[in-house]
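Trainee: fold the following and give me the result.
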Amino acid sequence: MEDINKQEEQSVGVLPESELNNSGFLERFFKLKEHKTNVKTEVIAGITTFMTMGYILAVNPMILGACGMDKTSVFTATVICSFIATLLMGLLSNLPFVLSAGMGLNAYFAYTVVLQMGCSWQLALAAVFVEGLIFILLSLTNVREAIFNSIPQPLKIAVTVGIGLYIGFIGLKSGHVLVDNPATLVALISFKTWTNYTCSALLALIGIIITTVLMQKKVMGGILWGILATWLLGMVFQLCGLYIPDDKVFFSLLPNKIFSFDFTLKPTFGAFAQGFKEITSTGGLLNFITVLSAFLFVDLFDTIGTLIGCAASGNMLDKEYKLPGIKGALLADAIGTTLGAVCGTSTVTTFVESASGISVGGRTGLTSVVASFMFLISLFLTPFFLTIPAFAITPALVIVGFLMVRQVVHINFDHLTDAIPAFLGIIAMPFFYSISEGISFSIISYTFIHVLCGERVKIHPLLYILTVLFICKYIFI
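Mentor: Residues are numbered from 1 along each chain as shown. Next up, the predicted model:
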């Protein structure tokens, strides 16, 4: 086990103790030497995480704009809330996690709550606001931490592996390497004809090779350099006429300008207050409870799953598979959600892409602080950051997915009562496109299998409660 951990630290760029850099205040505050890292490594990790998840700045306004929200205001709210929540993450927990408006939750907000259920986006923001307040209370009373600690070790490992497959799948899909197929659901893109889709897929695959070579040669910040190299290669393709921007799906890879001061919060700031007025209307209360319950469930277990997966990939869990500093992390996450509702964006949550920064050596809150200021800078450099194409992010997601999947060797596959629930959780995440569904399947199956096999002693009391709640969720929500 120790040998494996040493090999992993070497592969992701964690510096040996002899090369660590004492840096005065930063060393004392973030305990860099204790975590076997230094300022340079943490800065590169913060930038890498931001570059990997920077797509949210383009995607979130697009999704929430579909339900009538002002896109510029949503962009500004996303940046500000990501900055504050991520900064709090670094200062309160000293953990290298980065937060922003969660994918999936924003789609549920716009397409289900508003466009399908007919609620206003103000009501949806009100539900997010209450969700945030509830999470603050649960974080302060250690309820969320207790849920984290109640999950058995095999399932925590399964979460890490499942997330690895999940984000690898997302990377290949966003880079158009995988495409929809009526017969097999997904398939490899056809390279028989040249289109922007095949160009994107080819660049993504080349980027994976480039990033792998950089990682193998122990280049510091290899994942970040892989993103930039793939993007630069795309620019060359565009200049040669092999990639043709269409302003619909495939935007120009060449920034038309660097700076922008076009931002505002006025259309959405405080709009959640109007949503509470709808609760008194016919069906308003029922809709509000339904929406709130869905937000609570998905965000709670997405966050816990992300923390488990990313922390385990960086060997940051202790001997009991608990995460030191988790209370501060959960509190930062909850405050971010509440602030997001006030400013005008969907649920702010911990991003699984945090694993990209961890994979290049990020181990402390300094990684989060660096990433938070990258968000702040992006407020003024919007055209530059929004030009980063999805195919340039694909190599980072695939490589990070690989690094997380390696944890599967720590699951004892000879013990079926542990291994089968772990396997169900692993395959559920990419197949159902949801971290929370993977956790749900693994916990339900773990509880039933252990009870029926007479191994009740291995079941934490909280797991019984979670099992009942998960089953009720499938029936009623």
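Trainee: helix, strand or coil for residue 349?
Mentor: Assigned state for residue 349: strand (three-state reduction, DSSP: H, G, I helix; E, B strand; the rest coil).
Trainee: make sure it is actually in contact with residue 103.
Mentor: No: in this structure, residue 349 is not within contact of residue 103 by Cβ atoms under 8 Å, at 9.1 Å. For every residue, glycine as well, the C-beta is placed using N, CA and C.
Trainee: of these two, who's got more company?
Mentor: The neighbour comparison of residue 349 against residue 103 (other Cβ atoms under 10 Å) goes to residue 349, with 26 against 20.
Trainee: how many neighbours does residue 144 have?
Mentor: By the measure other Cβ under 10 Å, the count of residues near residue 144 is 24.
Trainee: with residue 183 instead?
Mentor: 5.
Trainee: distance of it relative to residue 433?
Mentor: Separation of residue 183 from residue 433 (Cβ to Cβ, to the nearest Å): 19 Å.
Trainee: ok, residue 472 next?
Mentor: If you measure residue 472 against residue 433 using Cβ to Cβ, the figure is 22 Å.
Trainee: mind listing the strands for the stretch 51-200 of the chain?
Mentor: 99-101, 178-181, 185-188 (DSSP state E, counting those that start in this stretch).
Trainee: mind listing the helices for the stretch 101-250 of the chain?
Mentor: Counting by DSSP state H, counting those that start in this stretch, one finds helices in the stretch 101-250 of the chain at the ranges 105-107, 121-140, 143-150, 153-174, 196-216, 222-239.
Trainee: looking at these, which is closest to residue 317?
Mentor: Of all the helices of the stretch 101-250 of the chain, it is helix 153-174 that lies closest to residue 317, at 7.3 Å by Cβ to Cβ.
Trainee: any buried residues in that closest one, and which?
Mentor: Buried residues in helix 153-174, counted by 16 or more other Cβ atoms under 10 Å: 153-174.
Trainee: elements contacting it?
Mentor: Other elements packing on helix 153-174 under the criterion 3 or more Cβ pairs under 8 Å, 6 or more residues apart in numbering; DSSP states H and E are helix 284-313, helix 390-405, helix 416-432, helix 435-452.
Trainee: buried sites along the first one?
Mentor: Okay, so that is helix 284-313. Within helix 284-313, the residues that count as buried by 16+ other Cβ under 10 Å are 284, 287-288, 290-313.
Trainee: run the chain-centre distance for stretch 219-226.
Mentor: 20 Å (Cα atoms, centre = their mean, to the nearest Å).
Trainee: winner for burial among the strands of the stretch 51-200 of the chain?
Mentor: strand 99-101 (a mean of 31; mean count of other Cβ atoms under 10 Å).
Trainee: outside of that one, which residues touch it?
Mentor: With contact meaning Cβ atoms under 8 Å, 6 or more residues apart in numbering, strand 99-101 is reached by 53, 56, 60, 78, 81-82, 85-86, 89, 332-333, 336, 340, 345-351, 375.
Trainee: 7 Å - rerun?
Mentor: 53, 56, 60, 78, 82, 85-86, 89, 332-333, 336, 340, 345-351 (Cβ atoms under 7 Å, 6 or more residues apart in numbering).
Trainee: residue 331 touches residue 92, doesn't it?
Mentor: Yes: under the criterion of Cβ atoms under 7 Å, residue 331 makes contact with residue 92 at 5.9 Å.
Trainee: out of those two, name the residue with the larger neighbour count.
Mentor: Neighbours were tallied for residue 331 and for residue 92 using other Cβ under 10 Å; the higher tally belongs to residue 331 (21 against 18).
Trainee: what stretches of the stretch 51-200 of the chain score poorly on pLDDT?
Mentor: Counting by pLDDT under 70, not a single residue of the stretch 51-200 of the chain qualifies.
Trainee: who's in contact with the residue lying closest to residue 424 once chain neighbours are set aside?
Mentor: The shortest distance from residue 424 to any residue other than its chain neighbours is 4.8 Å, reached at residue 441 (Cβ to Cβ, 6 or more residues apart in numbering). Residues near residue 441 by Cβ under 7 Å, 6+ apart: 424, 425, 428.
Trainee: who touches stretch 208-227?
Mentor: Against stretch 208-227 from outside (Cβ under 7 Å, 6+ apart): 13, 44, 47-48, 51, 207, 229-230, 356, 359-360, 392-393, 395-396, 398-399.
Trainee: so for it, mean pLDDT?
Mentor: Averaging pLDDT along stretch 208-227 gives 88.
Trainee: what residues of it count as buried?
Mentor: Here stretch 208-227 shows 208, 210-212, 214-215, 219, 221-227 as buried, counting by 16+ other Cβ under 10 Å.
Trainee: my guess is residue 83 contacts residue 374. True?
Mentor: No: contact criterion Cβ under 7 Å: residue 83 and residue 374 do not qualify, at 8.7 Å.
Trainee: now the helices of the stretch 101-250 of the chain in CSV, with distance to residue 476?
Mentor: Listed next are those as CSV, based on distance: least, Cβ to Cβ, whole Å:
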stretch, distance to residue 476
helix 105-107, 19
helix 121-140, 17
helix 143-150, 20
helix 153-174, 24
helix 196-216, 41
helix 222-239, 42
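Trainee: which among the ones you listed is found nearest to residue 468?
Mentor: Residue 468 lies closest, by Cβ to Cβ, to one member of these: helix 143-150, at 13.6 Å.
Trainee: C-alpha coordinates for that closest one, PDB please?
Mentor: Taking Å, rounded to 0.1, in the frame of the first residue of the first chain, the C-alpha atoms of helix 143-150 are listed here in PDB:
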ATOM      1  CA  VAL A 143     -24.500  15.900   9.900                       C
ATOM      2  CA  ARG A 144     -22.900  16.000   6.400                       C
ATOM      3  CA  GLU A 145     -19.600  15.000   7.900                       C
ATOM      4  CA  ALA A 146     -21.300  12.100   9.700                       C
ATOM      5  CA  ILE A 147     -22.800  10.900   6.400                       C
ATOM      6  CA  PHE A 148     -19.300  11.100   4.700                       C
ATOM      7  CA  ASN A 149     -17.700   9.100   7.500                       C
ATOM      8  CA  SER A 150     -20.500   6.500   7.500                       C
END
